[in-house]
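Peer 1: coords please:
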Amino acid sequence: MPAKHDINKVGVESSDFPILCETCLGPNPYVRMSKQEFGNECKICNRPFTVFRWNPGAGARFKKTEICNTCAKIKGVCQTCLLDLEYGLPVQVRDAALGRKSQAPSSDINKQYYIQNLEAQMADSPDGSSTLDAEVANRAGREMLKGIARSDPYYKRNRPHICSFFVKGECKRGGECPFRHEIPKEGELSKQNIVDRYYGKNDPVAKKILREQAETKGMKAPEDKTVTTLLFLGLPQTTESEVRASLVGACPFVKPIDIRSITIVEASHCAFINFKQRQLAERAAEALSAQGGIEVGGKKAKVVWGRSRPQKGKAAASSGEASGSASGTVTVTGGSN
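Peer 2: Numbering: from 1, shown residues only. Down below sits the predicted model:
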């Protein structure tokens with residue numbers, strides 16, 4: 001096996017075998033692959049890498065590796081679909097459930113330096129693994145991932161792409177066309193990006209999964225968009241700094257500057273966490289519901305949404321007369337902003 005080259009001198013990666021999930025590999029145990037060294041640029045680190053191409057089964061499209069072997073090892077994902085190898089779920093869902101921090105840097109210089117150090121660690125490791133992502137997994141989050149993970153491979157994902165000529169009404173090949181004759185569905189799932197999926201940011205598939213999981217646990221986001229408060233219930237005796245540290249540790253995407261205020265009510269053993277942005281509050285709620293709550297001072301606390309503030313003055317009186325009989329008065333269990 002040839003010695004590994006210095007990335008700064010060569011800037012390429014060579015590999016003998018791809019890292020693939022069972023779905024992308026297909027049901028055929030005797031799949032044949034073509035191998036092309038330095039056949040394309042990695043979609044993440046932009047280095048030329050070894051591209052593998054194969055047909056996963058009858059009626060499926062030819063597939064190929066999209067990212068290099070090293071980038072796949074950093075995130076523990078398939079080189080083709082970029083889904084987690086253990087659960088078959090998006091990176092954003094896995095990291096939110098396990099409270100993992102985003103590891104791979106996104107800037108070009110930091111990316112190359114990070115990958116070079118990682119490859120050096122893997123070369124020195126007896127089993128070829130890296131210690132950069134050694135973390136203690138959240139048990140509740142891992143159970144949640146097991147519950148929503150597919151037990152069998154989803155080979156439907158290997159179907160041919162939709163025929164663009166059929167969409168225009170110009171395909172004349174009929175049944176001989178190797179592409180699917182379907183009208184594409186417009187929506188958030190139609191706007192997927194391979195880089196966003198890898199880094200676990202703004203992934204529409206992950207957002208849908210996390211939103212559905214939060215709703216099943218009674219954590220549906222309030223319709224009132226002014227509500228940006230989460231409520232931690234059942235807290236031990238704690239301090240504001242400890243609550244802030246626990247939140248940032250459980251939700252690495254939350255920065256201390258993103259929190260407007262934290263109010264602890266010792267008599268009720270609860271805390272109000274008021275975020276500056278509604279979108280960030282929703283992400284935190286989804287992540288904490290996936291983890292089964294938040295651990296503060298060695299005790300697991302329940303997380304719920306705050307509620308709207310009641311309107312004051314004449315506006316409250318007029319709106320109360322119009323909707324009071326239908327919905328009743330609004331109780332205050334959390335602040336907004």
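
Peer 1: run through the strands of this protein in chain order.
Peer 2: With DSSP state E, the ranges of strands along the chain come out as 33-41, 48-54, 63-64, 229-233, 259-265, 270-275, 294-296, 299-305.

Peer 1: now do the second one: everything it contacts.
Peer 2: Translated: strand 48-54. For strand 48-54, contacts defined as CB atoms under 8 Å, 6 or more residues apart in numbering pick out 11-16, 18, 25-26, 31-42, 62-65, 67-69, 79. To be clear about C-beta, it is placed using only N, CA and C from the backbone, and glycine gets the same treatment.

Peer 1: swap in the fifth one?
Peer 2: Contact with strand 259-265 is made by 228, 235, 238-240, 243-244, 247, 270-276, 335, 337, as judged by CB under 8 Å, 6+ apart.

Peer 1: what distance do you get for V304 to V265?
Peer 2: According to CB to CB, to the nearest Å, V304 stands 14 Å off from V265.

Peer 1: give me the below-cutoff pLDDT ranges for the stretch 1-150 of the chain.
Peer 2: For the stretch 1-150 of the chain, the stretches with pLDDT under 70 are 1-11, 101-138.

Peer 1: centre-most residue in the chain?
Peer 2: Nearest to the geometric centre of the chain sits Q92, at 0.9 Å (CA atoms, centre = their mean).

Peer 1: is it true that that one touches G200?
Peer 2: Yes - shown here, Q92 and G200 form a contact pair, counting by CB atoms under 8 Å, at 3.7 Å.

Peer 1: for the stretch 1-150 of the chain, which segments count as helices?
Peer 2: Secondary structure of the stretch 1-150 of the chain (DSSP state H, counting those that start in this stretch): helices at 22-25, 69-75, 91-98, 108-124, 139-148.

Peer 1: need the nearest residue in space to D203, chain neighbours excluded.
Peer 2: Q92 (4.6 Å; CB to CB, 6 or more residues apart in numbering).

Peer 1: tell me the spacing between that neighbour and F17.
Peer 2: Using CB to CB, Q92 is found at 27 Å from F17.

Peer 1: likewise G234?
Peer 2: Look at G234 and F17: by CB to CB, they are 49 Å apart.

Peer 1: who has more neighbours out of the two?
Peer 2: G234 (14 against 10; other CB atoms under 10 Å).

Peer 1: that one contacts H269, correct?
Peer 2: Yes - G234 is within contact range of H269, at 5.9 Å (criterion: CB under 8 Å).

Peer 1: and P222, how far is that from R278?
Peer 2: Separation of P222 from R278 (CB to CB) stands at 9 Å.

Peer 1: and K35, how many residues sit next to it?
Peer 2: When neighbours are counted by other CB under 10 Å, K35 comes out with 15.

Peer 1: hang on, E295 packs against V303?
Peer 2: No - using CB under 8 Å, E295 makes no contact with V303, being 11.0 Å away.

Peer 1: hmm, back to that, just the buried ones from the contacts of strand 48-54?
Peer 2: Buried by 16 or more other CB atoms under 10 Å: 12-15, 18, 25-26, 42, 63-65, 67-69, 79, out of these.

Peer 1: pick out the most distant pair among these.
Peer 2: Spatially, the most separated pair among the buried ones among the contacts of strand 48-54 is V12 and G26, at 27.9 Å (CB to CB).

Peer 1: filter the contacts of strand 259-265 down to the buried ones.
Peer 2: 228, 235, 238, 243-244, 247, 270-275, 335, 337.

Peer 1: of those, the lowest pLDDT goes to which?
Peer 2: On pLDDT alone, N337 ranks lowest of these, at 38.

Peer 1: about what we covered before: can you say which of the strands of the chain is nearest to K168?
Peer 2: That would be strand 63-64 among the strands of the chain, by CB to CB, at 25.5 Å.

Peer 1: which residues touch the nearest residue in space to K299 that is not next to it in sequence?
Peer 2: Sequence neighbours aside, P236 is the residue nearest to K299 in space, at 4.7 Å (criterion: CB to CB, 6+ apart). Going by CB under 8 Å, 6+ apart, P236 touches H269, V296, G297, G298, K299.

Peer 1: most surrounded residue in those?
Peer 2: Counting neighbours by other CB under 10 Å, V296 comes out on top of the contacts of P236 with 22 neighbours.

Peer 1: quick check: it vs R244, distance?
Peer 2: 10 Å.

Peer 1: so what's R157 up against?
Peer 2: Counting by CB under 8 Å, 6+ apart, R157 makes contact with T23, C24, C81.

Peer 1: what about 7 Å?
Peer 2: Contacts for R157 (CB atoms under 7 Å, 6 or more residues apart in numbering) come out as T23, C81.

Peer 1: what's the pLDDT at it?
Peer 2: Note on R157: pLDDT of 89.

Peer 1: can you pull up the bridge partners for the closest residue to E240 other than its chain neighbours?
Peer 2: Leaving aside its sequence neighbours, E240 sits nearest to I262 (CB to CB, 6+ apart; 4.8 Å). I262 forms beta bridges with I273, as assigned by DSSP bridges.

Peer 1: ok, I262 - how many residues close by?
Peer 2: So I262, with other CB under 10 Å, has 17 neighbours.
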